[in-house]
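Peer 1: I'll drop the sequence and a predicted model, then ask my questions.
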Amino acid sequence: KAGSILYGDFKVIKNITAFRDVFRPPPVCDNDQVMSCGTEKVKKWERTYFSRSRAPHYATDKSSCTGPHEFCCPAPMDDVANCPAGARTSDCDAKKSCCCA
């Protein structure tokens, strides 16, 4: 039937901002004991598992996001700590953004 949803318990998400909270790490992860992956490790994973798409571009000048085709884009969950380390620049940090290309 046109317009019907064929899988059970489907709920329309109306408040996208609240829905993003589903993907936030639990508070227990907000401490200094949680390790992060190094930039080189992340780049390796991106080359290995995301090779079919364009490899992400990281800012080369960490002080500003002014390279060719670079621009400040919204940080995930509006938190620059969620930007890849290579996408952090002081000018974009001030705008709560990542440096994207």
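Peer 2: Cool, got the structure. Residues are numbered from 1 along each chain as shown.

Peer 1: okay, D93: pLDDT?
Peer 2: Confidence per residue is given as pLDDT, and for D93 that number is 90.

Peer 1: nope, H57 is what I was after
Peer 2: Reading off the per-residue confidence, H57 sits at a pLDDT of 53.

Peer 1: state which helix of the protein is the longest.
Peer 2: Once the chain is assigned using DSSP state H, the helix that runs over the most residues is helix 39-49.

Peer 1: grab the nearest non-local neighbour of the spatially most central residue of the chain.
Peer 2: Taking Cα atoms, centre = their mean as the criterion, P76 is the residue nearest the geometric centre of the chain, at 4.6 Å. Here the nearest residue to P76 in space, its sequence neighbours aside, is N82; by Cβ to Cβ, 6 or more residues apart in numbering that works out to 4.0 Å. In short, each C-beta sits where N, CA and C put it, glycine included.

Peer 1: quick one on the thing from earlier: buried stuff in the helix or strand just after the longest helix of the chain?
Peer 2: Per DSSP states H and E, the first helix or strand lying C-terminal to helix 39-49 is strand 71-74. Residues of strand 71-74 classed as buried under the neighbour-count rule (16 or more other Cβ atoms under 10 Å) are 72-73.
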